[in-house]
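**Q** From the sequence below, what's the structure:
(one chain, ligands or ions: 2)
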Amino acid sequence: MNARDVNARLVIAIDGPSGSGKSSVSKEVARRFGLAYLDTGAMYRAVTWWCLESGVDLDDDAAVLVATRSVPLEMGTDPDEERILVAGQDVRAAIRGDRVTDHVSAVSTTVPAREILVRMQREIIHESGNRIVAEGRDITTVVAPDADVRILLTASQAARMARRGRQLGAAASSNLQAQVVGRDAKDSTVVNFTSAQDGVHLLDSSELTMEQTVQGVIDLVIRDTDTAHDGAAEAPDDTGAAAPEEARQP
Ligand SMILES: Nc1ncnc2c1ncn2[C@@H]1O[C@H](COP(=O)(O)OP(=O)(O)O)[C@@H](O)[C@H]1O
Ligand SMILES: Nc1ccn([C@H]2C[C@H](O)[C@@H](COP(=O)(O)OP(=O)(O)O)O2)c(=O)n1
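**A** Residues are numbered from 1 along each chain as shown. Ligands and ions are numbered 1, 2, ... in the order given. So this is what the prediction gives:
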């Protein structure tokens with residue numbers, strides 16, 4: 001298989017902790033390879049928003065499960081146009097607010113609710129024709145362990161906190177540490193996104209710029225998919241991204 005074959009399946013799974021760069025890097029990688037993009041964290045956030053809106057007690061696992069089963073969620077997969085509707089309502093801004101961020105782990109640690117969302121995510125991957133970058137916490141291990149390329153994207157706690165602070169700017173909560181480190185600690189009780197499983201590449205972005213991180217992912221995709229090793233691997237399009245040195249060798 002070759003990453004540039006527009007008809008071939010190419011499922012890229014990226015996991016990692018909060019602020020490691022999953023969403024921004026995955027979106028850009030999807031654009032460059034012409035793939036769909038799935039933000040699974042947004043699905044956990046959308047269900048949390050739905051529970052809060054409908055007065056579901058987030059401590060009641062059975063009620064969270066019922067809400068997850070019936071959530072009228074529409075997830076877009078265009079990396080250039082985020083589309084997240086719940087009951088027809090655009091929830092893109094609401095699901096990033098403190099209220100949802102502070103409660104989302106209640107949904108993500110409800111194991112039966114995870115099973116519903118994992119099933120929905122597998123369907124979305126299938127519907128993309130298996131041409132997608134999917135990112136979250138359990139994509140490499142549970143949702144798509146058969147992905148063509150699996151990456152655990154990490155960064156030091158200091159780098160992640162600094163990035164999130166810069167990203168949120170004036171909107172950053174005084175609670176930032178709890179929202180990043182505390183939430184990861186809660187989520188880690190149900191999924192492992194801190195150590196790379198067999199066959200999963202570890203990419204540490206602490207000292208990398210965004211572009212270097214995107215290029216690091218592209219290099220891994222080319223390495224894992226260019227089975228011919230015929231030296232034909234190049235950047236996926238003409239965005240200026242360089243092919244890896246080893247791929248240019250004759
Ligand atoms: N390698 C990087 N270097 C510097 N900033 C980065 C890097 N990767 C991501 N960022 C920035 O950090 C912030 C958080 O990234 P995001 O993609 O939302 O992380 P995640 O989805 O893992 O929580 C964004 O503002 C993003 O532009
Ligand atoms: N596949 C996934 C994706 C996200 N989650 C959980 C973990 C997070 O606390 C929430 C929100 O995920 P999101 O990726 O939006 O989180 P960030 O704020 O970017 O760190 O969902 C999960 O348990 N499994």
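
**Q** OK, contacts around Ile125?
**A** Val11, Leu38, Ile132, Ala134, Val143, Ala144 (CB atoms under 8 Å, 6 or more residues apart in numbering). To be clear about C-beta, it is placed using only N, CA and C from the backbone, and glycine gets the same treatment.

**Q** let's go with 6 Å and repeat that
**A** With contacts taken as CB atoms under 6 Å, 6 or more residues apart in numbering, Ile125 has the following neighbours: Ile132, Ala134.

**Q** gap between it and Ala196?
**A** Spatial separation of Ile125 from Ala196 under the definition CB to CB, to the nearest Å is 21 Å.

**Q** Break down the protein into its helices, ranges please.
**A** Listed in chain order, the helices found in the chain under DSSP state H are 22-33, 40-53, 61-70, 98-108, 111-127, 157-168, 176-177, 183-187, 210-225, 245-248.

**Q** Can you tell me how far Tyr37 is from Val25?
**A** Separation of Tyr37 from Val25 (CB to CB): 11 Å.

**Q** And the two? Which one has more around it.
**A** Between Tyr37 and Val25, counted using other CB atoms under 10 Å, the more crowded position is Val25 (26 against 23).

**Q** Return the residues in contact with the more buried one.
**A** Neighbouring residues of Val25 by CB under 6 Å, 6+ apart: Thr213, Val214.

**Q** at 10 Å what do you get?
**A** Contacts of Val25 were listed using CB atoms under 10 Å, 6 or more residues apart in numbering, and they are 14, 16, 133, 135, 151, 153, 203, 205, 208, 210-211, 213-217.

**Q** I'd like the distance between the one residue in the chain that gets nearest to ligand 1 and ligand 2.
**A** Ranked by CB to the nearest ligand atom, the top residue of the chain for proximity to ligand 1 is Gly21, at 2.8 Å. Here the criterion is CB to the nearest ligand atom, to the nearest Å. By it, Gly21 lies 9 Å from ligand 2.

**Q** Hmm, Arg131 and Val11 touching each other?
**A** Yes: applying CB atoms under 10 Å, one finds Val11 in contact with Arg131, separated by 7.6 Å.
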